[in-house]
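Visitor: got a sequence here, can you model it:
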Amino acid sequence: MIGNRIGHRLDPYLYVVYRKLFGNRGNPNLLSLLGFLATLAASALILMDLWTATGAAILLSGFFDILDGAVARQLGKVTPFGGFLDSVLDRYSDMIFLLALLLYYLRQEDARQVVLVSVASIGTALVPYIRAKAEAASVTCNVGLLERGNALFCLLLEHSSNRWSW
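Guide: Take a look at the predicted model:
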């Protein structure tokens with residue numbers, strides 16, 4: 001939802017940050033991989049019950065996730081393989097992160113959260129499938145309740161409200 005409203009308007013600003021760090025060279029696929037690795041770190045941090053560090057790792061992962069496309073577009077390095085790699089790594093990131101949450105809540109014996117994460121996992125797995133099927137059938141399908149970042153934020157917010165019982 002947010003991404004649809006903003007589109008690629010942030011690209012020039014993101015690229016300025018990138019250029020200050022790395023100049024006018026780079027590999028967007030490496031940025032996709034770094035985002036995936038940040039999600040792996042976040043997943044491990046969940047299992048260690050280090051939630052502040054988890055949040056930081058998720059923010060870093062999200063930054064790489066938007067930066068890879070912006071850099072690819074600015075450097076003229078948009079490729080079908082890059083788009084495919086980014087999409088596949090995003091799906092693996094989502095599933096590994098949700099698996100870490102599921103394992104955490106199973107250890108906590110929190111049935112409510114286990115069900116919530118399980119439902120989120122089902123939705124996370126089905127959304128790209130539904131969009132791909134719609135595209136193959138030439139049906140427009142660009143709606144939904146939450147994008148990846150919004151969904152992760154909601155899950156972390158739910159965890160926080162459950163943990164600290166405001």
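Visitor: in the helix or strand harbouring Y129, what's buried?
Guide: Y129 belongs to helix 111-136 when assigned by DSSP states H and E. For helix 111-136, burial by neighbour count (16 or more other CB atoms under 10 Å) applies to 113-114, 116-117, 120-121, 124, 127. Heads up, the C-betas are built off the backbone N, CA and C, glycines and all.
Visitor: also stretch 91-110?
Guide: For stretch 91-110, burial by neighbour count (16+ other CB under 10 Å) applies to 91, 93-94, 96-98, 100-102, 104-105, 110.
Visitor: V139: which of these is nearest?
Guide: When the buried residues of stretch 91-110 are ranked by distance to V139 (CB to CB), R91 comes first, at 21.1 Å.
Visitor: now do the helices in this structure.
Guide: Here the chain has its helices, by DSSP state H, at 2-6, 11-22, 28-47, 51-75, 80-108, 111-136, 148-164.
Visitor: give me every residue that touches A38.
Guide: Counting by CB atoms under 8 Å, 6 or more residues apart in numbering, A38 touches 57-58, 60-61, 64.
Visitor: now with 6 Å, please.
Guide: A38 makes contact with 57, 60-61, according to CB atoms under 6 Å, 6 or more residues apart in numbering.
Visitor: do the same with F97
Guide: Shown in contact with F97 (CB under 6 Å, 6+ apart): 39, 43.
Visitor: and if we set it to 10 Å?
Guide: 39-40, 42-43, 46, 54, 57-58, 61, 117, 120-121, 124, 148, 152, 155 (CB atoms under 10 Å, 6 or more residues apart in numbering).
Visitor: now the two most distant members of the buried residues of stretch 91-110.
Guide: Going by CB to CB, the pair spanning those furthest: R91 and D110, at 25.6 Å.
Visitor: can you give me the buried ones in stretch 38-45?
Guide: Residues of stretch 38-45 classed as buried by neighbour count (16+ other CB under 10 Å): 38-43, 45.
Visitor: before we move on, what about stretch 69-89?
Guide: 69-75, 82, 85-86, 89.
Visitor: follow-up on the earlier one: just the buried residues of stretch 91-110 now: which is nearest E135?
Guide: Using CB to CB, R91 comes nearest to E135 of the buried residues of stretch 91-110, at 15.7 Å.
Visitor: nearest to N142, of the helices of the chain?
Guide: helix 2-6 (7.0 Å).
Visitor: burial count for the nearest residue to A41 once chain neighbours are set aside?
Guide: Excluding the flanking residues, the one nearest A41 by CB to CB, 6 or more residues apart in numbering is A57, at 4.7 Å. A57 has 22 neighbouring residues, counting by other CB atoms under 10 Å.
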